[in-house]
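Chemist: the sequence isn't on hand, but the structure is:
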């Protein structure tokens with residue numbers, strides 16, 4: 001009888017150990033499955049984050065490329081505006097095109113601001129995702145610790161309800177985390193989609209604007225080519241005739257007098273009120289007649305004489321030999337100095353009283369005087 005009881009006891013213990021081994025093996029396998037699920041979820045979340053990062057980088061690159069295209073477009077348009085002033089018929093179209101480009105620039109700046117804000121939101125979502133993953137990892141660790149601490153008691157008491165409760169809590173937590181992540185992913189997609197559509201619209205508008213610009217430039221080139229073909233020969237003829245006329249002393253002197261009169265009239269001065277032309281006086285050396293006498297308040301006057309020493313300057317501009325050009329420019333400076341010397345010897349201030357003891361030498365062109373100064377800088381002090 002005792003041996004039978006002992007045998008039953010041994011069999012019961014062996015059965016209990018066998019059942020406990022099966023339960024422990026099931027719990028270990030379940031814990032391994034949970035760990036694998038957490039790891040796969042973490043990898044999937046990281047992959048989605050990397051995909052969003054690449055998409056945002058691509059959008060940012062597209063925005064930079066569009067901005068570079070707009071900058072090149074602005075440079076090309078700036079070059080076109082300089083030539084389009086000769087073609088009034090195209091001016092309104094180019095102005096409208098420039099306003100359109102400014103609107104696109106403003107829209108692109110707004111899109112870039114939205115893109116920066118989206119990047120900040122994505123970074124926040126990434127941080128939150130990392131926090132979720134950390135919470136999942138911590139929960140897994142805690143559950144693992146709980147399983148280890150309770151495994152012995154579960155084996156002793158065969159408390160299957162605790163394992164079911166833990167599994168339900170873990171599944172509920174995973175489901176909530178998955179739902180939250182899908183919602184955030186959908187929100188990010190909704191934010192990115194309008195920006196992508198806006199960038200596509202901007203690209204379409206830029207293509208249309210580029211086509212319009214090419215057509216406008218083609219028309220502009222045709223008109224400029226027509227102007228050059230029609231007017232360039234006539235311009236060469238008129239320029240040659242003008243140069244030939246300016247080589248004659250009488251024509252050159254008359255041209256200088258006309259330029260002087262235009263200057264004083266543009267300054268608001270009136271003939272016979274503020275100035276007189278060709279006012280003559282008789283001296284011991286003969287009759288003197290300055291080109292212009294300016295009348296000042298108080299009865300004072302200033303004598304102005306126009307000189308146009310152009311022969312040497314024109315020769316310098318027409319030659320291609322640097323040595324000859326330097327020679328003619330030096331001759332031009334010498335001629336201007338000679339005119340200054342001769343004008344000072346006339347002593348106009350003695351015949352036109354009261355007047356300061358100087359005479360104004362008018363040269364009808366700043367380029368003539370600056371060319372002489374480059375060869376002889378002392379002309380200013382000499383005058």
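Modeler: Perfect, thanks for sending it. Computed from a prediction, not measured in an experiment: that's the story for all the values here.
Chemist: from here on, just use CA atoms for contacts and neighbour counts.
Modeler: Fine.
Chemist: for the stretch 201-350 of the chain, which spans come out with low pLDDT?
Modeler: 225-253, 283-287 (pLDDT under 70).
Chemist: can you pull out the helices in the chain?
Modeler: 2-84, 88-157, 160-246, 249-266, 311-318, 322-345, 348-351, 366-375, 379-382 (DSSP state H).
Chemist: gap between residue 332 and residue 311?
Modeler: 8 Å (Cα to Cα, to the nearest Å).
Chemist: and if you look at residue 296?
Modeler: 35 Å.
Chemist: compare residue 332 and residue 311 (neighbour count), which wins?
Modeler: Higher neighbour count among residue 332 and residue 311: residue 332, with 27 against 18, using other Cα atoms under 10 Å.
Chemist: what's near enough to touch the more buried one?
Modeler: 309-313, 372 (Cα atoms under 8 Å, 6 or more residues apart in numbering).
Chemist: the strand with the most length in the chain vs helix 322-345, what angle?
Modeler: As assigned by DSSP state E, the longest strand anywhere in the chain is strand 301-306. Strand 301-306 and helix 322-345 meet at an angle of 150 degrees, taking axes from the mean of the first three to the mean of the last three Cα atoms, to 10 degrees as the criterion.
Chemist: quick check: buried residues in strand 301-306?
Modeler: Neighbour-count burial for strand 301-306, counted by 16 or more other Cα atoms under 10 Å, picks out 301-306.
Chemist: residues in contact with that strand: which ones?
Modeler: Residues contacting strand 301-306 (Cα under 8 Å, 6+ apart): 253, 256-257, 260, 290-296, 348-349, 352-356, 358-364.
Chemist: please pick the buried ones from those.
Modeler: Buried among these (16+ other Cα under 10 Å): 253, 256-257, 260, 290-295, 348-349, 352, 355, 359-364.
Chemist: just the ones of these in strands?
Modeler: Using DSSP E, the subset of the buried ones among the contacts of strand 301-306 located in strands is 292-295, 360-362.
Chemist: closest to residue 320 among those?
Modeler: Closest approach between these and residue 320, by Cα to Cα: residue 362, at 29.3 Å.
Chemist: and the closest one, bridged to which residues?
Modeler: Assessed by DSSP bridges, residue 362 has beta-bridge partners residue 306.
Chemist: who's in contact with it?
Modeler: The contact partners of residue 362, taken as Cα under 8 Å, 6+ apart, are 260, 304-307.
Chemist: show the pLDDT at residue 155.
Modeler: Listed pLDDT for residue 155 reads 58.
Chemist: ah, wrong one, I meant residue 58
Modeler: Listed pLDDT for residue 58 reads 71.
Chemist: that one and residue 64, how far apart?
Modeler: Distance, residue 58 to residue 64, using Cα to Cα: 10 Å.
Chemist: what sits against residue 363?
Modeler: Residue 363 is in contact with 256, 306-308, 369, counting by Cα under 8 Å, 6+ apart.
Chemist: okay, those in CSV with distance to residue 182 next?
Modeler: Output for those, formatted as CSV (distance: Cα to Cα, whole Å):
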residue, distance to residue 182
256, 86
306, 88
307, 89
308, 87
369, 80
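Chemist: what's the closest of those residues to residue 342?
Modeler: residue 307 (11.1 Å).
Chemist: OK, contacts around that closest one?
Modeler: By Cα under 8 Å, 6+ apart, the contact list for residue 307 reads 253, 256, 339, 361-364.
Chemist: same check on residue 176?
Modeler: Residue 176 touches nothing, counting by Cα under 8 Å, 6+ apart.
Chemist: follow-up on the earlier one: quick one: which of the buried residues of strand 301-306 is nearest residue 178?
Modeler: Within the buried residues of strand 301-306, the smallest distance to residue 178 is 93.6 Å, found for residue 306 (Cα to Cα).
Chemist: quick one: the contacts of residue 362 as JSON lines, columns for distance to residue 175 too.
Modeler: Shown next, in JSON lines, are those (distance: Cα to Cα, whole Å):
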{"residue": "260", "distance to residue 175": "94"}
{"residue": "304", "distance to residue 175": "99"}
{"residue": "305", "distance to residue 175": "101"}
{"residue": "306", "distance to residue 175": "98"}
{"residue": "307", "distance to residue 175": "99"}
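Chemist: per the record, what domains does the chain have?
Modeler: 2-231, 247-382 (automatic domain parsing).
Chemist: let me see the contact set for residue 355.
Modeler: Residues in contact with residue 355 (Cα under 8 Å, 6+ apart) are 300-303, 349.
Chemist: show me what the closest residue in space to it that isn't next to it in sequence is bridged to.
Modeler: Nearest residue to residue 355, sequence neighbours excluded (Cα to Cα, 6 or more residues apart in numbering): residue 301, at 5.1 Å. Residue 301 has the following beta-bridge partners by DSSP bridges: residue 295.
Chemist: from residue 269, how far out is residue 301?
Modeler: 14 Å.
Chemist: hmm, who's touching stretch 364-381?
Modeler: Under Cα under 8 Å, 6+ apart, the answer for stretch 364-381 is 256, 259-260, 306-308, 310, 313, 329-330, 332-333, 336-337, 363.
Chemist: list the buried residues for that stretch?
Modeler: Buried residues in stretch 364-381 (16+ other Cα under 10 Å): 364, 368-369, 371-373, 375-376, 379.
Chemist: let me see the mean pLDDT of it.
Modeler: Stretch 364-381 carries an average pLDDT of 81.
Chemist: what's the span of it, first residue to last?
Modeler: 20 Å.
Chemist: again with stretch 359-376
Modeler: With Cα to Cα as the measure, stretch 359-376 spans 21 Å from end to end.
Chemist: swap in stretch 293-305?
Modeler: OK, stretch 293-305 end separation, Cα to Cα: 9 Å.
Chemist: adding distance to residue 104, write the buried residues of strand 301-306 out as TSV.
Modeler: TSV is the format used below for the buried residues of strand 301-306 (distance: Cα to Cα, whole Å):
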residue	distance to residue 104
301	61
302	59
303	60
304	57
305	58
306	56
